[in-house]
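Asks: I'd like to go over a predicted model; first the sequence, then the structure.
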Amino acid sequence: MKGGIPAGRFLLRFVLLFCFLQASWILCGDCYRVVFRAMAAIYLGRGDSRQELSIEPVKTARGDTRVVIVNRSLMAADGSGPVRNLDFHSRSLVWSPACLLSALILASSVPWPRRIRALGLGLILQHGAIFLLLGFCVWLDSAALGLAHVPPHTERMLVAAKEVLLRNLPLSTPVLMWIFMLYDKNLFSTYGLDRPMGGKPCQSKTMLRK
Amino acid sequence: MKKVTKSGKKESMSASRSTLRSRGQVFCFRVQEACRSRKVVIILAAKFAFLLVALNVLLLAPAGRAVVYWISQANARICAALLEFCGIGTVVQNTTIFSDSSALTVLGGCSAVEVWFFLVAAILAFHCSARRKIVGLCASLALVQGINLLRITTLFWLTRLSSHSFEIAHEAIWPTLVNLSAIVFLGIWLAWATNIPTKQ
């Protein structure tokens, strides 16, 4: 068959790998949560002097990790004052997209060194995207404590952007990253992605010259 | 030991500069080549991202929120009917399903619209015949809503058993199954839309 593996075999490998990686949360979940919180604390901890951020483990319906945002200048001497809490599930926000990306890359029929390179780079980019999103959410929430200035007319738009990103990033970024990183005419002809208009496979200039 | 003279140093510096320049040129050339060879995928990804954002923005509008509420209400009613069929007496109020011992509210995020939008954006971004796109859109809607109904029904049933099993199913099992079904559906649809056999 043209294009290497048939789509069915790729899908079967993907399903098995995805289920296996998701199930591995039972064993690795606690360790991963600790590492992720530590990484998030390093990344988000670089605020201004008025801001105090702490990342705490919680067990609520809204998440298992909480980012507590405090404005030191608004706090009273007894430690009371306004606080913003940002809860999220580390599993659904970070682990699941990483599993999805890993399963897609590992199920693809490309040489192993390329798969490993793509996996390493993909996981770094995936985590980077999540950290950027978290940074954006923290910045937006810290505006309520006077730590950031958000113009009133753009606030609604930014809140909407946050909702859209939180909803779509976990499912769409792994798929996009997989397509970008492992794009190969031979591999993707399995899915007809080498045909821009659904007709003849597209040829690059170098191929045409040959 | 080698003696490094001033003129030698200058020569080596200019050589390294020219190497760097050529390396920079090679890098730029590689980036250009990568962009050229990935043109199809870049266009596809850009269309997909644009459609996904546009659909989600529509969802955030008041009319979109009303549609999501209506879908959640319909889901609650159909699930209640399914539970009645299984012998569990239920009452539906807005988007909440009540039984004698438990209650479950179908929130806006539980309508699986985001997953369907992901599939809609991917199907519309891909170049194939309009007939295949329409089939893909209808099949994806049926699949996503069917799985979501099954999800809500089983979650309601689990609330009657234990809160721990409900949490595991709600946070771990069902999100995995929903994402998995979306990706597998997309793979099968792409193979079908491009006439590629899934079996050898």
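Replies: Received the coordinates, thanks. Numbers count the residues shown, from 1 in each chain, chains lettered A, B, ... in the order given.
Asks: how about low-confidence regions in chain B?
Replies: Along chain B, segments meeting pLDDT under 70 span B:1-38, B:195-200.
Asks: residue of it nearest chain A, please.
Replies: For chain B and chain A, the shortest gap (C-beta to the nearest C-beta) falls at residue B:194, measuring 2.9 Å. Backbone N, C-alpha and C define where each C-beta goes, glycine included.
Asks: which secondary structure element is home to the spatially most central residue of chain B?
Replies: Centroid-nearest residue in chain B: residue B:118, 4.3 Å away (criterion: C-alpha atoms, centre = their mean). Per DSSP states H and E, residue B:118 falls inside helix B:113-125.
Asks: run through the neighbouring helices and strands of that helix.
Replies: On a contact count with 3 or more C-beta pairs under 8 Å, 6 or more residues apart in numbering or on different chains; DSSP states H and E, helix B:113-125 meets helix A:152-181, helix B:39-60, helix B:130-161, helix B:174-193.
Asks: and the angle from it to helix B:130-161?
Replies: Orientation note: helix B:113-125 sits at an angle of 170 degrees relative to helix B:130-161 (axes from the mean of the first three to the mean of the last three C-alpha atoms, to 10 degrees).
Asks: re earlier: so the residue nearest to the centre of chain B makes contact with residue B:52?
Replies: Yes - at 6.7 Å, residue B:118 and residue B:52 qualify as touching, with contact defined as C-beta atoms under 8 Å.
Asks: what residues do the two have in common as contacts?
Replies: Here residue B:118 and residue B:52 share the contacting residues A:168, A:172, scored by C-beta atoms under 8 Å, 6 or more residues apart in numbering or on different chains.
Asks: ok, residue A:69 to chain B distance?
Replies: Going from residue A:69 to chain B by C-beta to the nearest C-beta, to the nearest Å gives 23 Å.
Asks: number of residues surrounding residue B:190?
Replies: Residue B:190 has 21 neighbours, counted by other C-beta atoms under 10 Å in any protein chain shown.
Asks: kindly report the same for residue A:76.
Replies: Residue A:76 has 7 neighbouring residues, counting by other C-beta under 10 Å.
Asks: how about residue A:167?
Replies: Other residues near residue A:167 come to 20 when the count uses other C-beta under 10 Å.
Asks: re the thing from before, ok, and what's touching the helix holding residue B:118?
Replies: Under C-beta under 8 Å, 6+ apart, the answer for helix B:113-125 is A:167-168, A:171-172, A:175, B:44, B:47-49, B:51-52, B:55-56, B:59, B:68, B:71, B:133, B:136-137, B:140-141, B:144-145, B:178-179, B:182, B:185-186, B:189.
Asks: may I see the ChimeraX selection of the buried members of these?
Replies: Typed into ChimeraX, the line below selects the buried ones among those, using 16 or more other C-beta atoms under 10 Å in any protein chain shown:
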select /A:167,168,171,172,175 /B:44,47,48,49,51,52,55,56,59,68,71,133,136,137,140,144,145,178,179,182,185,186,189
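Asks: ok now the helix holding residue B:118, how far from the chain's centre?
Replies: Distance, stretch centre to chain centre, for helix B:113-125: 7 Å (C-alpha atoms, centre = their mean, to the nearest Å).
Asks: now it against helix B:174-193, angle please.
Replies: Put simply, helix B:113-125 runs at 20 degrees to helix B:174-193, going by the same axes, to 10 degrees.
Asks: could you export helix B:113-125 as CSV, keeping only the C-alpha atoms?
Replies: Output of helix B:113-125 as CSV, limited to C-alpha atoms (Å, rounded to 0.1, in the frame of the first residue of the first chain):
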residue,chain,number,x,y,z
VAL,B,113,-19.8,20.6,22.5
GLU,B,114,-16.1,21.4,22.6
VAL,B,115,-15.1,17.9,21.4
TRP,B,116,-17.6,18.2,18.6
PHE,B,117,-16.2,21.6,17.7
PHE,B,118,-12.8,20.0,17.5
LEU,B,119,-14.1,17.5,15.0
VAL,B,120,-16.1,20.1,13.1
ALA,B,121,-13.0,22.3,12.8
ALA,B,122,-10.8,19.4,11.6
ILE,B,123,-13.5,18.1,9.1
LEU,B,124,-14.1,21.6,7.6
ALA,B,125,-10.4,22.4,7.4
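Asks: now residue A:84. Nearest residue, chain neighbours left out?
Replies: Leaving aside its chain neighbours, residue A:84 sits nearest to residue A:69 (4.2 Å; criterion: C-beta to C-beta, 6 or more residues apart in numbering or on different chains).
Asks: part of a strand, is the one you found?
Replies: Yes - according to DSSP: H, G, I helix; E, B strand; the rest coil, residue A:69 belongs to a strand.
Asks: tell me, how many residues neighbour it?
Replies: Using other C-beta under 10 Å, residue A:69 has 24 neighbouring residues.
Asks: and if you look at residue B:112?
Replies: 23.
Asks: also residue A:106?
Replies: Neighbourhood size, residue A:106 [other C-beta under 10 Å]: 18.
Asks: now for it: which residues touch it?
Replies: A:13, A:17, A:115, A:119.
Asks: do that again at 10 Å, thanks
Replies: For residue A:106, the contacting residues are A:13, A:14, A:17, A:18, A:20, A:21, A:112, A:115, A:116, A:118, A:119, by C-beta atoms under 10 Å, 6 or more residues apart in numbering or on different chains.
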